[in-house]
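Kindly return the folded structure for what I paste below:
(4 chains)
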Protein chains: 2
Amino acid sequence: MPENSLDKLSRGERNRIYDGLKAILSLSNGEKRARLYSGSLALFMGISQQSASKLILDMNRTGVIIRHMDGKIQSIEVSELGRDLLFEEYSLLSGLLGVKDKIMISGVVQSGMGEGRYYVSRKPYVIQFQERLGFIPYMGTLNIKVDSSEEVSLRRIRGYSGIKIDGFATDDRTFGPVKAFMGTISGIKCAIIFPERSVYRDVIEIISEEFLREKLKLSDGEKVQLNVDVSN
Amino acid sequence: MPENSLDKLSRGERNRIYDGLKAILSLSNGEKRARLYSGSLALFMGISQQSASKLILDMNRTGVIIRHMDGKIQSIEVSELGRDLLFEEYSLLSGLLGVKDKIMISGVVQSGMGEGRYYVSRKPYVIQFQERLGFIPYMGTLNIKVDSSEEVSLRRIRGYSGIKIDGFATDDRTFGPVKAFMGTISGIKCAIIFPERSVYRDVIEIISEEFLREKLKLSDGEKVQLNVDVSN
DNA sequence: ATTACTAGGGCTCGAGTAA
DNA sequence: TTTACTCGAGCCCTAGTAA
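Purely as a prediction, here's the structure:
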């Protein structure tokens, strides 16, 4: 069972796993899964079969890959956690190297279940939205289902640390930390918000000072484009 | 004296240096040089001062940083070699993660000294251009001085491995390996060529089946835009 | 203050080898 | 065949400390 204990890993250990992930992606040839022997991985990485075997075990233990043993040959798939790790690294490098990242996301308007409204109207969130995003959002979210062709763009955004909105707890429950990215939709200032620790979803939630759905006269299924600023 | 012996480093050693470079860039705050104590670097990286000191020495030895000792405090600058290393990593990740890279470069036409013509007309090069790029280039290069605002884009391109053109030797001298990237300029197919091992230059050389300068009626100082395909 | 050398401990890696 | 365990060697990291 994965422990998601990536934070606790030593620098060396983390880099080892990081190299392993890159190697597995290289050997996947665009497929979702890579069918390989520990020996093939070893050859590719220039390490011994024993080390590659241990590396695969470690990667599986930390949950960055999902392994299926089909008899002798194993098929390995980079997990969501593993992908996130690599996209985080990518986004970090983007920032450090000064790559201008104007990421655009397009998708279609979707109706939410109203949970968005509930969350974004919690006072501790609202206070932070005002302080860190510079506006008090309309009490509701605009949900956008991102085009599947833009999955990579969305993952790239998620890879950035964004603007931190702290979590908090009430008597009954806890509200997790959130990260936000400023952007514009049809010229109107807005922000995308993500739960800090979440699995990849193709639906994103947008907040804005305006009631976007009304202001932009949007109805379900309508196509919209979003400009996202990831420079922090 | 730098040994440029990066290839000979072990995986662990290379990752250590890689982490050090990222840390130094993080601590530079956008400045060219970072003024820091080995202790500050240590704190930032979560390692001991001694390890940070050794890391700095190693990075200096391999030539990925340039160090100036101003008394006690040192100022550290990531060298061209170091930058190349990071951009290579960035480009590698781009490819592995499937980030669509349509890189555009703009600059102004410049007259070369005619050396471009000499190089690209050497037969072993020409044969490879035909085989690997799919065309026999016009015997000359179009030189473009890239806008300084697009330095990062150019470095990103250089970070990719591109299409390999092997070097060769004649009786008198050797011609180094070259890497090429397909692209278009005003809709006409072309390729950028770089010496495989070179320092960063803001002038790039374009080859094409056509005599671009004439076909596009270009004169010195004229602004042009280039679309580069880095997907290999 | 700093930087950085030297020793010792821990950890990673690979050879041998079992299953 | 393959995967993966054990254990010894070597390497890297840190503490102590000199300059």
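
From here on, just use CA atoms for contacts and neighbour counts.
Fine.

Excluding chain neighbours, what is closest to whatever residue of chain A ends up closest to DNA strand D?
Using CA to the nearest atom of the strand, the single residue of chain A nearest to DNA strand D is residue A:37, 3.2 Å away. With CA to CA, 6 or more residues apart in numbering or on different chains as the criterion, residue A:37 has its nearest non-adjacent residue at 5.7 Å, and that residue is residue A:73.

And chain A, split by domain according to the record?
Using automatic domain parsing, the domain parsing of chain A gives A:5-96, A:102-229.

Mean pLDDT lowest where, among those?
Lowest mean pLDDT within the domains of chain A: domain A:5-96, a mean of 92.

What residues does chain A have near chain B?
A:12, A:15-16, A:22, A:25-26, A:86-87, A:90, A:93-94, A:96-99, A:152-153 (CA under 8 Å from any CA of the partner chain).

what helix or strand does the spatially most central residue of chain A sit in?
Centroid-nearest residue in chain A, with CA atoms, centre = their mean: residue A:158, separated by 3.6 Å. Assigned by DSSP states H and E, residue A:158 belongs to helix A:151-159.

Please state the offset of that helix from the chain centre?
With CA atoms, centre = their mean, to the nearest Å as the basis, helix A:151-159 stands 6 Å off its chain's centre.

what about the closest residue to residue A:79 other than its chain neighbours, neighbour count?
Leaving aside its sequence neighbours, residue A:79 sits nearest to residue A:65 (CA to CA, 6+ apart; 4.7 Å). Applying other CA atoms under 10 Å in any protein chain shown, we find 26 residues neighbouring residue A:65.

Show me the beta-bridge partners of residue A:65.
Residue A:65 has these beta-bridge partners by DSSP bridges: residue A:78.

Now do the contacts for it.
Residue A:65 sits next to A:21, A:59, A:76-79, A:81-82 when contact means CA atoms under 8 Å, 6 or more residues apart in numbering or on different chains.

With residue A:139 instead?
Counting by CA under 8 Å, 6+ apart, residue A:139 touches A:117-118, A:120-121.

now do residue A:230
Residues in contact with residue A:230, defined by CA under 8 Å, 6+ apart, are A:101-103, A:157, A:160, A:162, A:181-182.

Specify which member of the residues you listed is nearest to residue B:143.
Closest to residue B:143 out of the contacts of residue A:230 is residue A:101 (27.6 Å), distances taken as CA to CA.

Residue A:230 and residue A:201, how far apart?
Per CA to CA, to the nearest Å, residue A:230 is found 19 Å from residue A:201.

Who's the closest spatial neighbour of residue A:140, skipping the chain neighbours?
Nearest in space to residue A:140, with sequence neighbours left out and distances taken as CA to CA, 6+ apart, is residue A:117 at 3.9 Å.

quick revisit: is there a neighbour count for the residue of chain A closest to DNA strand D? I'd like the number.
17.

now the helix or strand hosting residue A:117, how far from the chain's geometric center?
Element membership for residue A:117 (DSSP H and E) is helix A:115-120. Centroid displacement of helix A:115-120 relative to its chain, using CA atoms, centre = their mean, is 20 Å.

immediately after it, which helix or strand?
Once the chain leaves helix A:115-120, the next helix or strand it forms, by DSSP H and E, is helix A:123-128.

residues in contact with that following helix?
A:120, A:136-137, A:165-168.

ok, now with 10 Å
Applying CA atoms under 10 Å, 6 or more residues apart in numbering or on different chains, the external contacts of helix A:123-128 come out as A:119-121, A:129, A:131-139, A:164-169, A:175, A:177-178.
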